[in-house]
Structures are given as structure tokens and as C-alpha cells.
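Enquirer: Test case, fold it:
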Amino acid sequence: MTGLAVLAAACSSGDSGPQVGRELHIFNWDDYFAPTTLADFEKEFGIKVHLDTFDDEAELLSTISSDPSRYDLFIGSDVLIGEMAELRLVAELDLDNIPNLANIDPAYLDLPANPGNRYGIPYDWGTTGVMYNTTCIQPREESWAVLSDPRIAGRVAMDTEQSVVIGSTLKRLGYSLNSDDPNELDEAVRVIQDQIGKVQLRFVPAYDARQMMKSGDLCAMQAYNGDAAYEMAENKDFAFFVPREGSDIFFDMMAIPRDAKNKAGAELFIDYVLRPEVHAAINNYTGYATPNRVAREQGLIDQAYLSDPTIYPDTTHLEPWVIFDGQRRALWNRAWADVQAVVPASQVSN
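Expert: From the prediction side, this is the model:
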């Protein structure tokens, strides 16, 4: 069936199954689709797409928690979606409506935080490292410590995501990304507090930090590798590395809130994204690694990207996130509160 035929069948009065609505409300990171992804979907299926964006996953979680019917689809990390599933904030997917799931590399399916692919479908994967302006600083070593370098005091930033900041600091200290040891967390807090005082470390959402790098307000920042790849293609003075101490590996997923008004339309959109040509266009634009095996096999992914270690990093020293239990989450929340307690308002961007 063509897309329009599928839609017509789904919307027919004789169909006893879920109805595909005429509008789709999506919540996503800023600039995280290809330029024509949404317009092409609208044209093919006759569904109007409304897109809102968020700055970090704390905002994503808060928004979905406060009204699980506001959006039909969102994109977030597999671990967050796993935690949201435990909170009964996401809908279980009808995989029969997503046949293009067969295009995804099995290595990215049935992840620990998403067993059976019940709540999320792979969108991309990546890691976190350091992006810097080579005209500002030449790091002495490829280490998280560059974010404490006094040469760039006042012009250095980390993310506003609690997990990203604390987790990378734990890796800097040689600990697990997912530590639940109170002493290790206390040590990480002291390191971050030292950065806040000595180099005027700023906390800035990823998209805003990218703009500050381009304007020269920042010399170095904690960055997602895909964001760095995108900016490096635009500015030859920017460089990126995954620190020698290691970092995370994250998997972003497409998921549906529990009370979505157009669940059938959201599953139609997910299946559309998983087409090799659509998924490839997104990954070629955003600079993140694709989980779409067929897109790679058909040569749809830019070959320069496949050989670029910024986009497809060595995973040897990358640690996956785990779903936090209540005790671990309480420890991390306390640690983050201790960090926030010493941050001047001038060093925080919302």
C-alpha cells in the first residue's frame, strides 16, 4: 500500500482498529530532524505535524509527566524511556504497525533499558566529549580536565543535564559512569564545585552552548558528538575528542506518551522514519550514528561520516547508562543539589 492508501484505510469508518488522526504533536531536541523530514511526511500522509522542542531531558520528563496527552511522540534516551516506562508514562508500542523495525541493526534492539523494544524504537546513538576552538586553546591532553583549564576561565561550559555532568566527572576520576557510591559522588561534586569557582564554569543547554561557541563566548564545552560533527563541518577552527578517561554511550529512541491522542499516527511516523532513505537523511544531517542497517548497506550514509571518529567513535571506553533505582537517583539528586547550591546565577543559562 502507498502511504495515502494506508492512511485512508486506517481512517475509514469500517476499520475497527485505532484511528490515525489528522494531527501529530511531536516533542524533540532542537534541530534533530532533517530539513524536509516533517514536510515530506505531511505531504505523503496528509497529517499536520506540530513540533515543539526542549533543552534537556529534565524538561522533557517534566512536560510529559505533567500532561501525558500533550504530545503523540517524543525522542529521548533509552534509559530515560525505561525509567518513564516504570512510571507508566509511556505507551507500549504495537510493533505490527512498525514493520520497518526490520531495518534496524539487531545490535541496537532489545537493549537492557528497553527489553523487547516495547517502549522505544532506535533513532540514533552517540557519546559525549569535549568540543573546543583551536584558536582559543590547544589542550595539553585529551582529557576531561581541559574543562578545568584556567586559560579559558569564564569561557567554558558543561551541560545542564544532571546525568551528563556528574557522569562525565565520575569518568574523569576513574569511576563508573553509573556509580552509586556516596564517596565517589561526593568527590565528583567537589571537582565540579572547584571548576565553578576557579574557571567560572557555566552550565548551558547544548543548543545554546553551540551558539556561544560560534559567537566566541565559549572556548570549550561539553558536547554531544553529533552536535560537534555538525559544528565542525561549519567551522574549521572547531575540534572534538572523546576524553581518554572514557565517556558514555547513549541511544536515542522514539517513544509515545501514555495518553497520546494519536498513537496510531505516531506509530505511522516511526515506521516512516525507519525507511532507509528517511533515516539516512536524518543521520546525514544531524551528524549522529545511524542504527539503520539497511541504510548503511544501501550506501545511503555519507561515506565520510562512516569513517569519521567523531560521528562513529571507538566504543572501547564508552560505558552504557543503566536505569537508576530509587536509591541511586536520590544520591544523584542530592549531589546535583550540592552543585547547584554554589553556582552563581550568572553562570547558569536556562
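
Enquirer: what residues are up against residue 235?
Expert: Going by CB atoms under 8 Å, 6 or more residues apart in numbering, residue 235 touches residue 214. All C-beta spots, glycine's among them, are computed from the backbone N, C-alpha and C.

Enquirer: Specify the beta-bridge partners of residue 29.
Expert: According to DSSP bridges, the residues that bridge with residue 29 are residue 54.

Enquirer: neighbours around it, how many?
Expert: With neighbours defined by other CB atoms under 10 Å, the count for residue 29 comes to 22.

Enquirer: The one 10 residues further on now?
Expert: Here the count is done by other CB under 10 Å, and residue 39 has 12 residues near it.

Enquirer: That one should be in a helix, yeah?
Expert: Yes - counting by DSSP: H, G, I helix; E, B strand; the rest coil, residue 39 is found in a helix.

Enquirer: For residue 132, see how far away it is.
Expert: Distance, residue 39 to residue 132, using CB to CB, to the nearest Å: 35 Å.

Enquirer: try residue 329
Expert: Distance, residue 329 to residue 132, using CB to CB: 32 Å.

Enquirer: These two: which is more packed in?
Expert: Each of residue 329 and residue 132 has its neighbours counted (other CB under 10 Å); residue 132 has more, 27 against 15.

Enquirer: My guess is the more buried one contacts residue 243. True?
Expert: No - if you go by CB atoms under 8 Å, residue 132 and residue 243 don't touch, sitting 11.7 Å apart.

Enquirer: And the strands in the stretch 101-250 of the chain, which stretches?
Expert: 121-126, 128-133, 156-158, 202-203, 220-224, 238-241, 247-255 (DSSP state E, counting those that start in this stretch).

Enquirer: Of these, which is nearest residue 82?
Expert: Evaluated over those, closeness to residue 82 peaks at strand 247-255, with 9.3 Å, by CB to CB.

Enquirer: in the longest helix along the chain, what counts as buried?
Expert: Selection of the longest helix in the chain by residue count, based on DSSP state H, yields helix 182-198. For helix 182-198, a neighbour-count test (16 or more other CB atoms under 10 Å) marks 184-185, 188-189, 191-193, 195-196 as buried.

Enquirer: How about stretch 139-157?
Expert: For stretch 139-157, burial by neighbour count (16+ other CB under 10 Å) applies to 139, 142-149, 152, 155-157.

Enquirer: re earlier: with respect to residue 87, which of the buried residues of helix 182-198 is nearest?
Expert: When the buried residues of helix 182-198 are compared against residue 87 (criterion: CB to CB), the nearest one is residue 185, at 23.2 Å.

Enquirer: can I assume that closest one is in contact with residue 166?
Expert: Yes - counting by CB under 8 Å, residue 185 touches residue 166, with 7.2 Å between them.

Enquirer: Which neighbours do those two have in common?
Expert: The contact lists of residue 185 and residue 166 share 332, 335, where a contact means CB under 8 Å, 6+ apart.

Enquirer: Pretty sure residue 76 sits in a helix.
Expert: No - counting by three-state DSSP, residue 76 falls outside a helix, being strand.

Enquirer: Is it in contact with residue 251, as I believe?
Expert: No - Residue 76 is beyond contact range of residue 251, at 10.2 Å (criterion: CB under 8 Å).

Enquirer: out of the two, which sits in the more crowded spot?
Expert: Shown here are residue 76 and residue 251; by other CB under 10 Å, residue 76 has more neighbours (25 against 22).

Enquirer: before we move on, the earlier item: could you dump the strands of the stretch 101-250 of the chain to JSON lines with distance to residue 55?
Expert: Supplementary listing: these in JSON lines, determined by distance: least, CB to CB, whole Å:
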{"stretch": "strand 121-126", "distance to residue 55": "17"}
{"stretch": "strand 128-133", "distance to residue 55": "16"}
{"stretch": "strand 156-158", "distance to residue 55": "13"}
{"stretch": "strand 202-203", "distance to residue 55": "11"}
{"stretch": "strand 220-224", "distance to residue 55": "13"}
{"stretch": "strand 238-241", "distance to residue 55": "21"}
{"stretch": "strand 247-255", "distance to residue 55": "15"}
